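**Student:** turn this into a structure:
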Amino acid sequence: MTDLILSHITKSYGDRPVLRDFSARFPASRCTCIMGPSGCGKTTLLRLILGLEPLDGGTIQGRSFPMSAVFQENRLFEDFSALTNAALVCPRAQRQEAARHLTALGLKDSLSLPVRALSGGMKRRVAIARAVLAPGELIILDEPFTGLDQGTKAIVLDYLKAHTQGRTLLLVTHAPEERDALAHEVLTMTPLEANE
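**Tutor:** Numbers count the residues shown, from 1 in each chain. Predicted coordinates for the structure are as follows:
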């Protein structure tokens, strides 16, 4: 994978500009932590990279498809089991691999439970496992540790370090300890008003 390069990105919603002439380079095979106050455009930036929103201006180079993501909402199939949700991104022969990943995240006893029966923190771990299991070199993580207690967060941090080597990660977080545990690079964003 090559570096992900954003050049002179502009994005508005109606008359509300969110990003104006924004440029950044995200190094390949490394984790970049994106930080900044709420409302500065972090999630919009991720949605543009994923292709979920159109650019108003500028270019994005170096994207490789497919990509995977953990969104702020888990976006799981509530009636499917934890294992089925995670295995959806794997070839059928790799269902056991999905079970291993969920077990590493402390979900061994919950593999066959429907997602609707899981706690918020358990659902979060299923969403994280699915993103890591998905093919592709770019993983986007938008506040992935929401709803996890400190002990579970430590398990998930170790899991991500062990299972994302050689892949490019973009991590949005407000927590310095998450940044320090995973990030090789840090990008700090500011609201547009602060730049005017």
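**Student:** give me the residues contacting the host helix or strand of Ala162.
**Tutor:** Element membership for Ala162 (DSSP states H and E) is helix 150-163. Around helix 150-163, the neighbours that count as contacts under Cβ atoms under 8 Å, 6 or more residues apart in numbering are 101, 104-106, 121, 125, 128, 132, 144-145, 148, 169, 178, 181-182. Heads up, the C-betas are built off the backbone N, CA and C, glycines and all.
**Student:** which SS class is the residue nearest to the spatial centre of the chain?
**Tutor:** The centre of the chain sits closest to Leu141, judged by Cα atoms, centre = their mean, with a distance of 1.5 Å. State at Leu141, reduced to three classes by DSSP: H, G, I helix; E, B strand; the rest coil: strand.
**Student:** quickly list what it is bridged to.
**Tutor:** Beta-bridge partners recorded for Leu141 (DSSP bridges): Val70, Leu171.
**Student:** so who does it touch?
**Tutor:** By Cβ under 8 Å, 6+ apart, Leu141 lies in contact with 69-70, 128, 131, 169-172.
**Student:** could you list the buried residues of the helix holding Ala162?
**Tutor:** By neighbour count on 16 or more other Cβ atoms under 10 Å, the buried set for helix 150-163 is 152-153, 156-157, 159-160, 163.
**Student:** among those residues, which one sits closest to Ser12?
**Tutor:** For the buried residues of helix 150-163, the residue nearest Ser12 by Cβ to Cβ is Leu160; the value is 33.3 Å.
**Student:** and the gap between the closest one and Gly151?
**Tutor:** Per Cβ to Cβ, to the nearest Å, Leu160 is found 15 Å from Gly151.
**Student:** how about the strands in this structure?
**Tutor:** Counting by DSSP state E, one finds strands in the chain at the ranges 4-13, 16-26, 31-35, 57-61, 67-70, 138-142, 168-172, 185-188.
**Student:** using JSON lines, lay out those strands together with distance to Pro114 and mean pLDDT.
**Tutor:** What follows is those, written out as JSON lines (distance: least, Cβ to Cβ, whole Å; pLDDT from 0 to 100):
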{"stretch": "strand 4-13", "distance to Pro114": "36", "mean pLDDT": "96"}
{"stretch": "strand 16-26", "distance to Pro114": "36", "mean pLDDT": "95"}
{"stretch": "strand 31-35", "distance to Pro114": "32", "mean pLDDT": "97"}
{"stretch": "strand 57-61", "distance to Pro114": "37", "mean pLDDT": "97"}
{"stretch": "strand 67-70", "distance to Pro114": "20", "mean pLDDT": "95"}
{"stretch": "strand 138-142", "distance to Pro114": "25", "mean pLDDT": "97"}
{"stretch": "strand 168-172", "distance to Pro114": "29", "mean pLDDT": "97"}
{"stretch": "strand 185-188", "distance to Pro114": "38", "mean pLDDT": "96"}
